[in-house]
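Asker: Kindly generate the corresponding structure for this input.
(4 chains)
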Protein chains: 2
Amino acid sequence: MVNSRLSVAIHVLSLIAITSDKSQLTSDFIAGSVNTNPVVIRRMIGMLKKADLLTSQPGIAGYELLKEPKDITLFMIYEAIDGPKQLFTIHEEPNPACHVGQKIQQSLEASYTSVWRAMKEQLQAQTLQDVLDQLR
Amino acid sequence: MVNSRLSVAIHVLSLIAITSDKSQLTSDFIAGSVNTNPVVIRRMIGMLKKADLLTSQPGIAGYELLKEPKDITLFMIYEAIDGPKQLFTIHEEPNPACHVGQKIQQSLEASYTSVWRAMKEQLQAQTLQDVLDQLR
DNA sequence: TTGAGATGTAACTATAATAGTTACAACAGG
DNA sequence: CCTGTTGTAACTATTATAGTTACATCTCAA
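Answerer: Coordinates of the predicted model:
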């Protein structure tokens, strides 16, 4: 099983998108909705800020999206939260004296590339707006 | 990053597939090619046996595939080694009193399903034979 | 029939990733 | 100045993975 950062990030962005009274959006309030610690939220928001997905100011409650929900793909969020850049790890240093060990890494690389591409395409095909539509 | 069990499993199965002298295939020999501990190999082979991908006998060196490489998809191997059944974890117990918290889980479920399906299709589209062809 | 070499498996350890938590500096605004 | 907030560093707890040790059990040949 993989981490839940993507899920939390989508949750946070959804909350910001549908909340009109931005001053209501403290890290404490968001943490209450996600059911986690406010610092976990602030840490994650730091990553989303670095990716230019939202903005905030020290000392002032409230966050604002920097893009329209329809222009934020799930893959953009995935990259923002520093999701793994491959789905499967390839074991290190197989024996080069062995016919299989010698070439297995590049063979696996080729096989995994198409899987990664398919996964990426699906994440790019969905936007935050799609998630918001599903919330109704 | 995710575990390397799939890579190791494919390595092991490839080795068994291309080795004609089966008595050469001890867990020690395989571990030497993969560059890991023999017990790691035996543990993994136990999983592959449970999935009816190969056979072996206590005390006797050697493993044999139970299916043709062209009939073993990478997804079959993925399932054999007990790969995660979803790509992304959904955080537990979001606040039901919150409009987003209340529905986010099923919304994420829907979004993630298509990603999982795409990944699965790619793993099903490739077989051990494809990997063997790439090794040449 | 015994000893060497193999598999099967349980149990323990080491390491790394993730999430949760504590603490505190810095800032805003009444 | 005081309260409430963001931003961040540092520590802890938990979990997954891989590596390791140990040993029961089996096969086969000397």
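
Asker: Mind checking which residue lies nearest the centre of chain A?
Answerer: Centroid-nearest residue in chain A: residue A:78, 2.7 Å away (criterion: CA atoms, centre = their mean).

Asker: For it, give me its contacts.
Answerer: Taking CB atoms under 8 Å, 6 or more residues apart in numbering or on different chains, we find residue A:78 in contact with A:6, A:123. No exception for glycine: its C-beta is placed from N, CA and C like everyone else's.

Asker: Distance of it relative to DNA strand C?
Answerer: Distance of residue A:78 to DNA strand C, given as CB to the nearest atom of the strand, to the nearest Å: 12 Å.

Asker: same question, residue A:136
Answerer: Taking CB to the nearest atom of the strand, one finds residue A:136 at 26 Å from DNA strand C.

Asker: Where is the longest helix in chain A?
Answerer: helix A:99-125 (DSSP state H).

Asker: what's the next secondary structure element after it?
Answerer: helix A:128-135 (DSSP states H and E).

Asker: which strands and helices sit next to that following helix?
Answerer: Under the contact criterion of 3 or more CB pairs under 8 Å, 6 or more residues apart in numbering or on different chains; DSSP states H and E, helix A:128-135 touches helix A:5-18, helix A:74-80, helix B:99-125.

Asker: For those helices, give me JSON lines that also has mean pLDDT.
Answerer: Formatted as JSON lines, these follow (pLDDT from 0 to 100):
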{"stretch": "helix A:5-18", "mean pLDDT": "98"}
{"stretch": "helix A:74-80", "mean pLDDT": "98"}
{"stretch": "helix B:99-125", "mean pLDDT": "95"}
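
Asker: now check the helix or strand where residue A:39 lies, is it near DNA strand D?
Answerer: Counting by DSSP H and E, the element that carries residue A:39 is helix A:38-50. Yes. Interface with DNA strand D: helix A:38-50 contributes A:38-39, A:42-43, A:45-46, A:49 (CB under 7 Å from any atom of the strand).
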